[in-house]
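Colleague: Model the structure of this input:
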Amino acid sequence: MLRLLALLLIMFSAATAMAREWQIAPEGEALAIALQNAEAGDIIRLAPGTYKGPIEIDKSIVLDGQSHAHVIGNEQGSVVTILAKDVTVRGLKITGSGSDGETKDAGITISKTADRALVEHNELIGNLVGIDIHGTKNALVQKNKIEGRLDHRMNARGNGVYVWNATGSKVIGNDIRYGRDGIFVNTSKKNVFEGNRMRDLRFAIHYMHANNSVVRGNTSLANHLGYAIMYSDNVVIENNLSRGDRDHGIMLNYTNKSTIIGNRVEEGGEKCVFIYNAHKNQFNQNLFAQCQIGIHFTAGSERNTFAQNSFISNRTQVKYVGSKWVDWSVEGKGNFWSDHSAFDLDGNGIADAAYRPNDIMDHVLWTQPAAKSLLGSPAVQLIRWSQSAFPALLPGGVVDKAPLMQPVLPNLKEWEER
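Modeller: Residues are numbered from 1 along each chain as shown. Model prediction:
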């Protein structure tokens, strides 16, 4: 046993001795030569300065720019391409990718052979795509600063982080601005997107065919749309902030069996939440505030549950056209509605009267917008008074049978500059 232990120690020492640490200065082809001659396990540290790209990393090494090295591409293809497993790229400033959307020219491309890549603490400025996680497994992209391009129309720009056919990816704590979408996910599963800030984009997070994943603790500021979850099942959307997003804070499109909990959507433009043909989703303890419409759901969206959410100061709290009643309360607890004048005589925190956000005139106006010219007429006022006095006249729609007297407000941690 002692001999075996001694042999293992000798082998470990030999392996450690074989790993080298390269100190590279920004001179000529020094970086390219180091990458060519490095072996698996080596660490390449770059001195402050500018280095010529593009570069490829085909061995399991650490490339460390120490927050002072700048790699500049030749405006063709990706600047840094990772080809080997277990590669770490950190502390680099990266600029100068190509502009080809078909090939997804990027600051950093993590290829399908580069499992378990770690990309952290980099600054990627003005590339078409910031980081492309392309067909790999278990990549970790964290604490990078990514600023996209502004020299194309928005839909022709690249995404901050592009995730394609990648399983187990984690995108955590990144600061993403400009470009098209902050994080675009397609045909991937078991991913985690957490603690990212996304500003001045089309979509903050754009999901397509991405099942069994988590979107948690992200911040979306002044984008066209915050969190677009499409054609995906079993997604957890938790403790995210959407503030000032123009069209929708959260959109579920053909998304099923997902949990939307503890999010804040506030100061938005058109809709806090838009639900289209999405089923069996649970909305709990969210704040939807100061939008034109709190929630708009349509296209046969069914068996969604809403409980302990707070609807505050939306011009229209709910927009739903249906012929049957849909109860928005679960196990005797409904939601808080800022425009619900109610009493709680028994002091149990539940209003004594049900809340109905829409009446028949709302339905008429949504289907016949020209009827708005009649809003001030005595006939319309009489219809609305009649329905408030006799709820049985209502044709169906949302009803909260147990509205809350006090709001449930998610307490989210604000983004801290890193």
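Colleague: which strand of the chain spans the most residues?
Modeller: Counting by DSSP state E, the longest strand found in the chain is strand 62-72.
Colleague: List the contacts of that strand.
Modeller: 26, 31, 35, 42-53, 55, 57, 79-80, 87-96, 121-122 (C-beta atoms under 8 Å, 6 or more residues apart in numbering). (Each C-beta comes from the backbone N, C-alpha and C, glycine too.)
Colleague: ok, that strand: who's next to it in the sheet?
Modeller: Strand 62-72 sits in its sheet next to strand 43-46 (parallel), strand 49-52 (parallel), strand 88-95 (parallel), going by DSSP bridges.
Colleague: Secondary structure element holding the residue nearest in space to the middle of the chain?
Modeller: By C-alpha atoms, centre = their mean, the chain has its centre lying nearest to Ile205, at 3.3 Å. In the assignment (DSSP states H and E), Ile205 maps to strand 203-211.
Colleague: If we go by neighbour counts, what in that strand is buried?
Modeller: Neighbour-count burial for strand 203-211 flags 203-208, 210-211 (criterion: 16 or more other C-beta atoms under 10 Å).
Colleague: same question, stretch 268-285
Modeller: Buried residues in stretch 268-285, defined by neighbour count with 16+ other C-beta under 10 Å: 268-269, 271-276, 278-279, 281, 283-285.
Colleague: for this structure, what spans make up the helices?
Modeller: Assigned by DSSP state H, the chain shows helices spanning 2-18, 30-37, 360-367, 378-389.
Colleague: other SSEs contacting the strand holding Ile205?
Modeller: strand 183-189, strand 213-216, strand 225-230, strand 235-238 (3 or more C-beta pairs under 8 Å, 6 or more residues apart in numbering; DSSP states H and E).
Colleague: Name the strands paired with the second one and say parallel or antiparallel.
Modeller: Spelled out, that is strand 213-216. Strands adjacent to strand 213-216 in the sheet, as given by DSSP bridges, are strand 192-194 (parallel), strand 235-238 (parallel).
Colleague: follow-up on the earlier one: now for the buried residues of strand 203-211: which two are most distant?
Modeller: Farthest apart among the buried residues of strand 203-211 by C-beta to C-beta are Ala204 and Asn211. That separation is 19.7 Å.
Colleague: Could you break the protein into its assigned domains?
Modeller: The domain map for the chain lists 19-359, 360-393, with the assignment taken from automatic domain parsing.
Colleague: Could you say which of those is packed most deeply?
Modeller: domain 19-359 (a mean of 20; mean count of other C-beta atoms under 10 Å).
Colleague: same question for that one, mean pLDDT?
Modeller: Here the mean pLDDT over domain 19-359 is 95, rounded to a whole number.
Colleague: Name whatever forms a beta bridge with Asp64.
Modeller: For Asp64, the beta-bridge partners are Arg45, Arg90 (DSSP bridges).
Colleague: Could you double-check that the residue nearest to the centre of the chain sits in contact with Val215?
Modeller: Yes. Using C-beta atoms under 8 Å, Ile205 is in contact with Val215, at 6.0 Å.
Colleague: Find residues that contact each of the two.
Modeller: Common contacts of Ile205 and Val215 (C-beta under 8 Å, 6+ apart): 193, 227, 229.
Colleague: Could you dump those into a markdown table and include distance to Gly148?
Modeller: Output for the shared contacts of Ile205 and Val215, formatted as a markdown table (distance: C-beta to C-beta, whole Å):
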| residue | distance to Gly148 |
| --- | --- |
| Phe193 | 17 |
| Tyr227 | 19 |
| Ile229 | 22 |
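Colleague: partners of the closest residue to Lys52 other than its chain neighbours in the sheet?
Modeller: Spatial nearest neighbour of Lys52, chain neighbours left out: Ile72 (6.6 Å); criterion: C-beta to C-beta, 6 or more residues apart in numbering. Beta bridges link Ile72 to Lys52, Thr95, judged by DSSP bridges.
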